[in-house]
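[1] The following comprises the amino acid sequence and a computationally predicted model.
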Amino acid sequence: MTRRTFGQRATLSGIAGILGVGLRGMQAQGPAVTTGGRPGIPNGIASGDVTTDSAVIWSRTDRAARMVVEWDTKESFGNLRRQLGPVTGAEADFTGKLRLEGLPSGQKVFYRVRFEDRQGVAGDTATGSLVTPSTTMAPVRFAWSGDTCGQGWGIDVNRGGMKTYEAIRRAEPQFFVHSGDTIYADNSMAPRVNLPDGTVWQNLVTEEKSKVAETLAEFRGNYRYSYLDENVRRLLAEVPMLVQWDDHEVLNNWWPGQQLPPGGLYRERNVDILAARSKQAFFEYHPISEHPDRRIYRKVSRGPLCDLFFLDLRSHRGPNGPNRQTVASRETDLMGASQLAWLAESLVASKAAWKFVCCDMPIGLLVRDTLGFENGANGDGPPLGRELEMAALLKRLKSAGVRNVVWLTADVHYCASHYYNPARASFTEFDPFWEFVSGPLHAGTFGPTPFDPTFGPELKFTSRQPGAATSGPWSSEQFFGTVDIEPSSRVCRVTHWNRDGKRLWSGEIAPA
């Protein structure tokens, strides 16, 4: 993000200001430029991509103003340090983001954010906290899940809002991995939804959530929507969020180069244009590290016990289709050649005891598309189509002796534990590994989804049984998972939880 002085005057035209919440009729008012008073912080604060000595801090104000962040290892801020951030402007929807540097490793850090206008007048202050990873062996605890505001399920204030976020906060993780579908830009919201029990779900609806997102302003409004929920704001003020995206940030099951047919909901039919607008808003509204190419795939290290590798299965894939090719090509890309090489090399080079691949889609579940298949799985047999990437990766890891690789994902709207066993597989040149699925955070609940046998998946746990009725956030069937690593034994424990904080399943994995 470009840093400017107040001498380079920022325009206040365009999409700006507070998203005021007027609950009459459950309709939130659209963004408006604010000119009086002091700079506000209408959407809270967040941290992310925390390293042993730094963290990305995010917030948004309601006018052109300088972002200022102060931090200390004491909540009293008796020995605070200060860092100046960017001057916000309409070009980034008045969001601000900076990398806080010089943090101590292995400690809880308290930080506070405010904005100062061009006269030096300071506005509201918001306080948060984060835990930096230790450079020595120390316990690791984190949570993951995905899928927020899907299928038209938004914030019902009378039902407590997006309650799974509060359950995650109460679990006290050191950080939270959002596994994708951070928004549903392709799902509009109705003010009222009739529930099976005869009651009514009352969505808080904004202008941007009343239709599918096409313009940059509409994508920004979709990302901003979650910050209207106090559970989300409370969690992100206390727990760093590490994000990736999947399809609904843009459009269900999209791929680069796709053209939408005429006559549908979309006036903008070029999906590349929609994706570029969404990605701009994604980086504006999340505490993710800046990258010259806005690259989402990256590594985040949490010390000697834990490295995380975030994938992007959207930006580099070929078109969806039958997925039966026998030879790898551009059409069989899911990660794409550059990302696949990066992942293989990074996993081989990692010295962490555990290596978590944060993937926005599951490996062995059949995720179908009207044209064929959405993920790598295609139903049967030896590796074909997009499965060729996974086969090459697994073979490389086996030959390099890389152990203790765990896959974390969401996407299918239920939680499950899968063990991939070469003794049961069509393709056998890999070491056994685990994949854990969670979600939804706040969306419709579906499943279960059938397996593809290519890599020998075994079902060890599922929250859903065949024939189960579809449910959603009016029920307790919203899910997240936690990962705990104990430093002396290096045992990794994975636990599935529901929205009410009830433990559903827990399993321990001994290091190889």
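    Great, that's in hand.

[2] Name all residues that make contact with the residue nearest the centre of the chain.
    For the chain, residue 178 is the residue whose C-alpha lies nearest the centre (CA atoms, centre = their mean; 2.9 Å). Going by CB atoms under 8 Å, 6 or more residues apart in numbering, residue 178 touches 144, 145, 146, 148, 241, 242, 243, 244, 441. (C-beta placed from N, C-alpha, C; glycine too.)

[3] hmm, which of the residues you listed are the buried ones?
    Buried residues within these, counting neighbours by 16 or more other CB atoms under 10 Å: 144, 145, 146, 148, 241, 242, 243, 244, 441.

[4] roughly how far apart are the residue nearest to the centre of the chain and residue 285?
    12 Å (CB to CB, to the nearest Å).

[5] Over to residue 442?
    17 Å.

[6] any idea how this protein splits into domains?
    18-131, 160-187+212-509 (automatic domain parsing).

[7] For residue 199, find the nearest of these.
    Between residue 199 and the domains of the chain, the shortest gap by CB to CB is with domain 160-187+212-509, which sits at 7.8 Å.

[8] how about the domains of the chain in a markdown table, adding mean pLDDT?
    Converted to a markdown table, the domains of the chain look like this (pLDDT from 0 to 100):
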| stretch | mean pLDDT |
| --- | --- |
| domain 18-131 | 87 |
| domain 160-187+212-509 | 97 |
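
[9] where does residue 393 fall, helix, sheet strand or coil?
    helix (DSSP: H, G, I helix; E, B strand; the rest coil).

[10] and it, how many neighbours?
    19 (other CB atoms under 10 Å).

[11] Might you report the residue contacts of the nearest residue to it once chain neighbours are set aside?
    Counting by CB to CB, 6 or more residues apart in numbering, residue 393 lies nearest to residue 344, which is 5.7 Å off, once chain neighbours are set aside. Neighbouring residues of residue 344 by CB under 8 Å, 6+ apart: 392, 393, 396, 397.

[12] SS state for residue 344?
    Secondary structure assignment for residue 344 (three-state DSSP): helix.

[13] Next one: it from residue 93, what distance?
    From residue 344 across to residue 93, the span is 37 Å (CB to CB).

[14] can you give me the helices in the stretch 101-250 of the chain?
    163-170, 216-226, 230-238 (DSSP state H, counting those that start in this stretch).

[15] which one of these lies closest to residue 321?
    Closest to residue 321 of the helices of the stretch 101-250 of the chain, according to CB to CB: helix 216-226, at 27.2 Å.

[16] That closest one packs against which elements?
    If you count contacts as 3 or more CB pairs under 8 Å, 6 or more residues apart in numbering; DSSP states H and E, helix 216-226 packs onto helix 271-285.

[17] Please name every helix or strand in contact with the helix it packs on.
    Partner elements for helix 271-285 (3+ CB pairs under 8 Å, 6+ apart): strand 95-101, helix 216-226.

[18] The shortest one: which residues count as buried?
    Meaning strand 95-101. 95, 96, 97, 98, 99, 100.

[19] before we move on, what about the last one?
    Judged by neighbour count (16+ other CB under 10 Å), helix 216-226 contains these buried residues: 216, 217, 218, 219, 220, 221, 222, 223, 224, 225, 226.

[20] Make sure the fifth one is actually in contact with residue 284.
    In other words, residue 220. Yes: counting by CB atoms under 8 Å, residue 284 is a contact partner of residue 220 at 6.9 Å.

[21] Could you tell me which residues touch both of these two?
    Counting by CB under 8 Å, 6+ apart, the residues touching both residue 220 and residue 284 are residue 93.

[22] Residue 505 touches residue 437, doesn't it?
    No: with contact defined as CB under 8 Å, residue 505 and residue 437 do not form a contacting pair (11.5 Å).

[23] between these two, which one's more packed in?
    residue 437 (33 against 17).

[24] List the contacts of the closest residue to that one other than its chain neighbours.
    Closest residue to residue 437 apart from its sequence neighbours, by CB to CB, 6+ apart: residue 416 at 4.5 Å. Residues near residue 416 by CB under 8 Å, 6+ apart: 436, 437, 447, 448, 459, 461, 462, 463.

[25] partners of residue 416 in the sheet?
    Here residue 416 sits in beta bridges with residue 437, residue 462, as judged by DSSP bridges.

[26] that older thread, just the buried members of the contacts of residue 416?
    Among these, those buried by neighbour count (16+ other CB under 10 Å) are 436, 437, 447, 448, 461, 462, 463.

[27] Would you mind confirming that the last one is in contact with residue 412?
    In other words, residue 463. No: assessed by CB under 8 Å, residue 463 is found out of contact with residue 412, at 10.8 Å.

[28] so what's in contact with the two at the same time?
    With CB under 8 Å, 6+ apart, residue 463 and residue 412 have common neighbours residue 447.

[29] was I right about residue 84 contacting residue 65?
    No: judged on CB under 8 Å, residue 84 makes no contact with residue 65 at a distance of 11.7 Å.

[30] More neighbours: these two, which one.
    Comparing residue 84 with residue 65 by neighbour count (other CB under 10 Å), the higher total belongs to residue 65, at 26 against 12.

[31] Identify the spatial nearest neighbour of that one, chain neighbours not counted.
    residue 115 (3.7 Å).

[32] For that neighbour, give its distance to residue 228.
    From residue 115 across to residue 228, the span is 19 Å (CB to CB).

[33] Could you measure from the residue lying closest to residue 68 once chain neighbours are set aside over to residue 38?
    Excluding its sequence neighbours, the residue lying closest to residue 68 (CB to CB, 6+ apart) is residue 114, at 5.3 Å. In this view, residue 114 and residue 38 are 9 Å apart by CB to CB.
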